[in-house]
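In: give me a model of this one.
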Amino acid sequence: MKFNTRIRYGIRAILEIALNETDTGVFQKDIADHQQISVKYLDTIISSLKTAGLIINKRGRKSGYVLTRKPEEIKMLDVYSAFEPGVVIVDCIDRNYICKLSKQCGVREFWSGLNDVIENYLESYTLEDLIKEHRSKRV
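Out: Just a heads-up that it's a prediction; the model follows:
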């Protein structure tokens with residue numbers, strides 16, 4: 001399983017905002033520079049994080065971004081969900097997918113269990129946890 005760049009960059013962007021939040025917010029250009037993400041691609045990442053209600057502009061269009069909640073209240077599942085409708089590691093466990101083999105499949109429960117483990121991990125890990133991890137790496 002591999003997370004796409006939108007999810008990975010979304011996590012990096014929201015971590016950058018959390019680490020550097022000021023009265024004016026964190027500017028998109030600074031996020032792009034620090035995280036080595038193109039400003040153009042970061043536009044789509046920021047848009048998704050805003051739509052999900054995780055960040056807002058501090059004071060209108062020409063201002064920086066701030067979190068809408070405390071870092072300990074933002075779960076990695078919230079960030080993931082800003083980019084994907086839900087955790088589905090294989091099509092056959094998606095509610096909307098009809099599989100002709102589902103009644104006799106011995107593998108479906110394995111995929112479902114693995115999916116639950118991933119989803120529960122994302123639900124249990126917060127932005128605050130990421131902040132602590134990041135700061136522990138900075139000696």
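In: can you show me the strands along the chain?
Out: In the chain, the strands defined using DSSP state E lie at 55-57, 65-67.
In: mean neighbour count and distance to Asp129 added to these, as a markdown table?
Out: Bear in mind the C-beta positions are built from the backbone N, C-alpha and C, glycine included. Listed next are the strands of the chain as a markdown table, based on neighbours: other C-beta atoms under 10 Å; distance: least, C-beta to C-beta, whole Å:
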| stretch | mean neighbour count | distance to Asp129 |
| --- | --- | --- |
| strand 55-57 | 18 | 18 |
| strand 65-67 | 21 | 15 |
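In: and these: which comes nearest Arg138?
Out: strand 65-67 (20.1 Å; C-beta to C-beta).
In: among the strands of the chain, which is nearest Cys105?
Out: strand 55-57 (40.9 Å).
In: can you list the neighbours in contact with that closest one?
Out: Ile14, Ile17, Gly25, Ile46, Leu49, Lys50, Ser63, Gly64, Tyr65, Val66, Leu67, Thr68 (C-beta atoms under 8 Å, 6 or more residues apart in numbering).
In: residue contacts, the fourth one?
Out: Meaning Ile46. Ala13, Gln28, Ile31, Ile55, Tyr65 are the contacts of Ile46 under C-beta under 8 Å, 6+ apart.
In: surely the first one touches Thr44?
Out: When you say that, I think you mean Ala13. No. With contact defined as C-beta atoms under 8 Å, Ala13 does not reach Thr44; the gap is 10.6 Å.
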